[in-house]
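A.B. asks: Okay, predicted coordinates and the sequence, questions at the end:
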Protein chains: 2
Amino acid sequence: MISPLLTDLYQFTMAYGYWKLGMHDQEATFHLLYRKNPFRGNYALSCGLGSIVDFLNNWRFQPDDIAYLATLKNAHDEPLFPKDFLDYLQSLRFNCDIDAMPEGTIMFPHEPMLRIQGPLLQCQLLESPLLNMMNFQSLVATKASRVCRAAQGDSVIEFGMRRAQGPDGALSASRAAYIGGCDATSNTLAGKLYDIPVRGTHAHSWVTAFASELEAFEAYAGVLPHNVILLVDTYNTVKGVKNAIKIGKKLREHGADLLGIRLDSGNMAQLSINARALLDEAGFTNTAILASNTLDEYVITDLKKRGAKISAWGVGTNLVTAFDQPALDGVYKLSALQDRGGKWIYKLKLSEEEVKVSNPGRHQVRRFFSAGKYVADVIYDLDIGISDTPEMLVLNADMQNVRLDDVDAFVDLLQPIFRRGKLVQQPVSIHELRKNAMQASNEFYQMHGEHRYSMGLEKKLYDLKLEMIKGLKG
Amino acid sequence: MISPLLTDLYQFTMAYGYWKLGMHDQEATFHLLYRKNPFRGNYALSCGLGSIVDFLNNWRFQPDDIAYLATLKNAHDEPLFPKDFLDYLQSLRFNCDIDAMPEGTIMFPHEPMLRIQGPLLQCQLLESPLLNMMNFQSLVATKASRVCRAAQGDSVIEFGMRRAQGPDGALSASRAAYIGGCDATSNTLAGKLYDIPVRGTHAHSWVTAFASELEAFEAYAGVLPHNVILLVDTYNTVKGVKNAIKIGKKLREHGADLLGIRLDSGNMAQLSINARALLDEAGFTNTAILASNTLDEYVITDLKKRGAKISAWGVGTNLVTAFDQPALDGVYKLSALQDRGGKWIYKLKLSEEEVKVSNPGRHQVRRFFSAGKYVADVIYDLDIGISDTPEMLVLNADMQNVRLDDVDAFVDLLQPIFRRGKLVQQPVSIHELRKNAMQASNEFYQMHGEHRYSMGLEKKLYDLKLEMIKGLKG
């Protein structure tokens, strides 16, 4: 349950301004989009909508929120907000429309992952929390899909809590990592809150708490015989593997088995090859080798190339913080505002950087297929519309013109989630979301590999944008 | 209020093991420490203890937590934990001792920022959440202290929520950034929860919501005349500054003033120089120029060198995610365990990497002063003790021996926070913590600049460690 105070203060000062000027209920359209693919990749996975739905279903100012806002002062040491505005906030109920890409959709720069339409004041207050949730979870889901692809079907478990960015940096990351393709998390609370499978056995401290490694292993196997994955590097990895095998033999005498060993340091390629040989030789061919030492997609790919015999991967810090790029560059832009007569006025923000000039209008994203493969996305305006085989301007491929002559199908990616504040989307389980996301990223990779995907603005929308830029610069 | 389920599952499997084996109440000592200074710097600032105190004051398993744990299964699809263990967890109350460096203490690799002593089972369950909170907040406080030093006394405001790592990634970061030296945050909820000053005026969307920039500025100034900082780059920065000056003149006619302008894109050095000239020429010499475009300590230093006329800095993503190193490498190690006779058995974990071999014992950190300047830190064992001018082994300077012959004072850094679960520390306001942290980092920088600081293990403790390593390897 997150307070609606989770937003930037300037959203409140603007909200007050809109309210004071009688603009607060003017119908507005904002888009939430990102500008550059993370991790030097060629796609991102949308994620975070589930958390946004929970947030919006409980979006209501409580008396102590209002009491806090009443304490804020301006530069003259007077109250920043008058009481009648605060009364208005307290009475406010969320009643916007939201359309969004389902979680786990493959998406590209400039495509709205979320369109919000409703009273200007509400749309404005929601900017910061919606960005916060979509930016981070989309980032981690994308990272997870890359890590899982590198693991080539091996099990990947998210182990990141201890170095994640705060309790929720951990929880949000566990959710997004699971949707992105991880099999489980070590985070018990995430397991409870999001229905994610949880995994884990023991740490170095278990081993050091006993007089010897063998004694520690024996104790663990005695207590939890059907949950035995032994961490073998506390003192010496090869000796650790041999000790684990001794325990494995005892477990088998009692109808149990050595499920796995875990490597957490050293030359993981060589150690895993040695461990595999020792395990196989002793008849433990099904015992998994789990690795967990500063892993990410690059390290996993490298270990695979070096012939590592690792069958499961515990990925922590680099996944949950998206270490090599710890933020997605998502933005939230006003693109249309109704005048008092109910006519949509399109909006655009200029910038000295071309990539930062926003797109005017009210958008939908159409994904075109050709022989079962999707070949291009087109952002179009709801009022201008789009022809079946539109001329398209490709934004991410140096603005070359592309015609879509041989497309045979399409889908529109933004789906209705809220209508006037009411949730209209059927709930989807996190397991379904994960299945969809994994399928989407696998399919995308098979279709397009590392190649740049074609997407752009529908021609009439693009022309309108150019005209507006000219008008504003002139 | 964070659930004690916020921990890794393996803490529960180990806890069950300790309980089953009757080891759960054996007195244990763990240290929480980091291994490498972040951001290629020469120190870190400790932060996060306030959040840990809140967490531990409410550390109690609720019936729904227990119900969740009861659903977990082992590989044989039997309950992972028996009911009597879960009953034990439900009855559990936090009753450990915690000693910690006060928030805002300058600290160095291998020094315990936190020592926890108490029943083995409890210490184990607390590993993951304590790491989570200390790692992230210490990282961000350190980053903030670097950013504020680069700003050379200018105001620094934390603007990071929208790209922070989840809602708490934002909240924890706002808290730590303030303690590290920022003046305020844009995060309204952080302002409420932590008593941090909040700041903000308007976004690009305010400007685009009106027919022209001038109209937007005029509307804002009319509604909030004593809170006017105008964002001038929506269409063209120089024109924006001129429009802001027009508004400034009107404000002065009504006894108000133009507090500032904000630059958010383009060549900030040149634009700020031009803006300053225009403002000064028009008599707005006190109007601040706030900058806010992907800033960090490196960009601020560069802008200062290039003569930028910026007087306040809004720092977002790079601060709150600690973009260039988004995780601190903190660990939590068992270093001593009482046997059943009450005798402390020292513990040590080996590693192929020297830096990862843990230190045995129960530690305090002594900081030695010479003529008012602190010159070295020594980690010593509570039972072995330390002489007034100890031989010392410097861990972070290639293991050279250093003698401390001319020290004239010392302080011990770890202070009692909890005794048998009861908070014994007087509460300190966040403003006091911030003052202390800023003073500490300024003093440290004046004393030591970018030089490596001397710290190490007290000689007898070091010898003991070598002996233990020999024993374990032998």
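C.D. replies: Cool, got the structure. Only a predicted model underlies this, so the values are computations on that prediction, with no experimental measurement involved. Numbering: from 1, shown residues only, chains lettered A, B, ... in the order given.
A.B. asks: Checking my notes, residue A:337 in a strand, right?
C.D. replies: Yes - secondary structure assignment (DSSP: H, G, I helix; E, B strand; the rest coil) places residue A:337 inside a strand.
A.B. asks: Check whether it really touches residue A:345, as I assumed.
C.D. replies: Yes - using C-beta atoms under 8 Å, residue A:337 is in contact with residue A:345, at 5.3 Å. C-betas here are computed from N, CA, C, even on glycine.
A.B. asks: Between the two, which has more neighbouring residues?
C.D. replies: For residue A:337 versus residue A:345, neighbours defined as other C-beta atoms under 10 Å in any protein chain shown are more numerous around residue A:337 (22 against 13).
A.B. asks: who's in contact with that one?
C.D. replies: When contacts are counted by C-beta atoms under 8 Å, 6 or more residues apart in numbering or on different chains, residue A:337 touches A:26, A:27, A:28, A:29, A:120, A:344, A:345, A:347, B:209.
A.B. asks: elements contacting the helix or strand where the third one lies?
C.D. replies: With secondary structure defined by DSSP states H and E, residue A:28 is part of strand A:27-33. Packed against strand A:27-33, as judged by 3 or more C-beta pairs under 8 Å, 6 or more residues apart in numbering or on different chains; DSSP states H and E, are the following elements: strand A:114-119, helix A:120-125, helix A:127-150, strand A:331-338.
A.B. asks: Would you tell me what the next helix or strand after the longest one is?
C.D. replies: The one in question is helix A:127-150. Helix A:127-150 is succeeded, C-terminally, by strand A:155-158 (DSSP H and E).
A.B. asks: what is the rounded mean pLDDT of that next one?
C.D. replies: The predicted model gives strand A:155-158 an average pLDDT of 98.
A.B. asks: Over to stretch A:18-25?
C.D. replies: 97.
A.B. asks: Which positions in that stretch come out as buried?
C.D. replies: Applying a neighbour-count criterion of 16 or more other C-beta atoms under 10 Å in any protein chain shown, one finds A:18, A:19, A:20, A:23, A:24 buried in stretch A:18-25.
A.B. asks: filter those residues down to the ones close to chain B.
C.D. replies: A:18, A:20, A:23 (C-beta under 8 Å from any C-beta of the partner chain).
A.B. asks: In three-state terms, label the last one for me.
C.D. replies: Reducing the assignment to helix, strand or coil with three-state DSSP, the entry for residue A:23 is coil.
A.B. asks: And residue A:417, by the same measure?
C.D. replies: Of the three states, residue A:417 takes strand under three-state DSSP.
A.B. asks: Okay, strands next: where are they in the stretch 251-400 of chain A?
C.D. replies: A:260-263, A:288-291, A:312-315, A:331-338, A:344-346, A:363-370, A:373-381, A:391-394 (DSSP state E, counting those that start in this stretch).
A.B. asks: Take the ones you listed and lay them out in TSV including mean pLDDT and distance to residue A:2.
C.D. replies: Shown next, in TSV, are the strands of the stretch 251-400 of chain A (pLDDT from 0 to 100; distance: least, C-beta to C-beta, whole Å):
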stretch	mean pLDDT	distance to residue A:2
strand A:260-263	97	36
strand A:288-291	98	35
strand A:312-315	98	27
strand A:331-338	97	17
strand A:344-346	97	32
strand A:363-370	94	27
strand A:373-381	93	30
strand A:391-394	76	39
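A.B. asks: How about the residues of the stretch 251-400 of chain A by chain B?
C.D. replies: Contact residues (C-beta under 8 Å from any C-beta) of the stretch 251-400 of chain A with chain B: A:259, A:265-266, A:317, A:321-323, A:326-330, A:332-334, A:337, A:347-353, A:356.
A.B. asks: helix or strand right after the worst-scoring helix or strand of chain A on mean pLDDT?
C.D. replies: Lowest by mean pLDDT, DSSP states H and E among the helices and strands of chain A is strand A:401-403, with a mean of 64. Sequence-wise, the next helix or strand downstream of strand A:401-403 (DSSP H and E) is strand A:409-412.
A.B. asks: what residues does that following strand touch?
C.D. replies: A:364, A:365, A:366, A:367, A:368, A:369, A:388.
A.B. asks: List the contacts of the strand holding residue A:28.
C.D. replies: Residues outside strand A:27-33 that contact it (C-beta under 8 Å, 6+ apart) are A:109-120, A:123-124, A:127, A:130-131, A:134, A:330-338, A:342, A:344, A:359, A:361-363, B:205, B:209.
A.B. asks: Quick one, which of the residues you listed are buried?
C.D. replies: So, by 16+ other C-beta under 10 Å, the buried ones in the contacts of strand A:27-33 are A:109-120, A:123-124, A:127, A:130-131, A:134, A:330-338, A:344, A:359, A:361-363, B:205, B:209.
A.B. asks: can I get the strands of the stretch 251-400 of chain A in CSV with distance to residue B:276?
C.D. replies: Listed next are these as CSV, based on distance: least, C-beta to C-beta, whole Å:
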stretch, distance to residue B:276
strand A:260-263, 58
strand A:288-291, 56
strand A:312-315, 49
strand A:331-338, 28
strand A:344-346, 35
strand A:363-370, 39
strand A:373-381, 40
strand A:391-394, 40
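A.B. asks: among these, which is nearest residue A:189?
C.D. replies: Closest to residue A:189 of these is strand A:312-315 (C-beta to C-beta; 18.0 Å).
A.B. asks: what packs against the closest one?
C.D. replies: Secondary-structure packing of strand A:312-315 (3+ C-beta pairs under 8 Å, 6+ apart): strand A:155-158, strand A:288-291.
A.B. asks: Output these as CSV; include the columns distance to residue B:471 and mean neighbour count.
C.D. replies: Output for the helices and strands packed on strand A:312-315, formatted as CSV (distance: least, C-beta to C-beta, whole Å; neighbours: other C-beta atoms under 10 Å in any protein chain shown):
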stretch, distance to residue B:471, mean neighbour count
strand A:155-158, 34, 24
strand A:288-291, 28, 23
